[in-house]
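K.L.:
Here is a sequence with its predicted model. Questions after.
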Amino acid sequence: MIWKEIWESHKGRITGIAGGIFFGFIYLFAGFWDMLFFALVVFIGYSAGKRKDLRMDSFFRWRKMGQWLSERWRPFK
């Protein structure tokens, strides 16, 4: 019962400490820059998945980029 009360009152702190320990071990075993690259890849995957779930447009607007490039790069008119 006491553990449930502690969890309810300090959920954020406990989760923060557990996350800090987890990322600390990743830092010790893999290195700092490897950990940051991994976090970047996970964030990109999360963002792409979120956009797909919410049925939003693609992150890159390929048609607009193609039009912009075709207008911009016409050296021989």
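P.N.:
Now that the structure is in, tell me what you want to look at.

K.L.:
Can you point out the helix or strand that includes Gly49?
P.N.:
In this structure, Gly49 sits in helix 32-53 according to DSSP states H and E.

K.L.:
Pull the distance from the helix or strand containing Trp3 to the chain's centre.
P.N.:
Taking DSSP H and E as the criterion, Trp3 maps to helix 2-9. Put simply, helix 2-9 sits 30 Å off its chain's centre (Cα atoms, centre = their mean, to the nearest Å).

K.L.:
Just the CA trace of the following helix or strand past it, in PDB.
P.N.:
Using DSSP H and E, the helix or strand that follows helix 2-9 in sequence is helix 11-30. Taking Å, rounded to 0.1, in the frame of the first residue of the first chain, the C-alpha atoms of helix 11-30 are listed here in PDB:
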ATOM      1  CA  LYS A  11       5.400   9.400 -10.400                       C
ATOM      2  CA  GLY A  12       7.300  12.000 -12.400                       C
ATOM      3  CA  ARG A  13      10.400  11.900 -10.200                       C
ATOM      4  CA  ILE A  14      10.500   8.100 -10.200                       C
ATOM      5  CA  THR A  15      10.100   8.000 -13.900                       C
ATOM      6  CA  GLY A  16      12.800  10.700 -14.400                       C
ATOM      7  CA  ILE A  17      15.300   8.800 -12.200                       C
ATOM      8  CA  ALA A  18      14.600   5.600 -14.100                       C
ATOM      9  CA  GLY A  19      15.100   7.400 -17.400                       C
ATOM     10  CA  GLY A  20      18.200   9.000 -16.200                       C
ATOM     11  CA  ILE A  21      19.700   5.700 -15.100                       C
ATOM     12  CA  PHE A  22      18.700   4.100 -18.400                       C
ATOM     13  CA  PHE A  23      20.300   6.800 -20.500                       C
ATOM     14  CA  GLY A  24      23.300   6.900 -18.200                       C
ATOM     15  CA  PHE A  25      23.900   3.200 -19.000                       C
ATOM     16  CA  ILE A  26      23.500   3.800 -22.700                       C
ATOM     17  CA  TYR A  27      26.100   6.600 -22.400                       C
ATOM     18  CA  LEU A  28      28.500   4.300 -20.500                       C
ATOM     19  CA  PHE A  29      28.200   1.500 -23.000                       C
ATOM     20  CA  ALA A  30      27.700   3.200 -26.400                       C
END
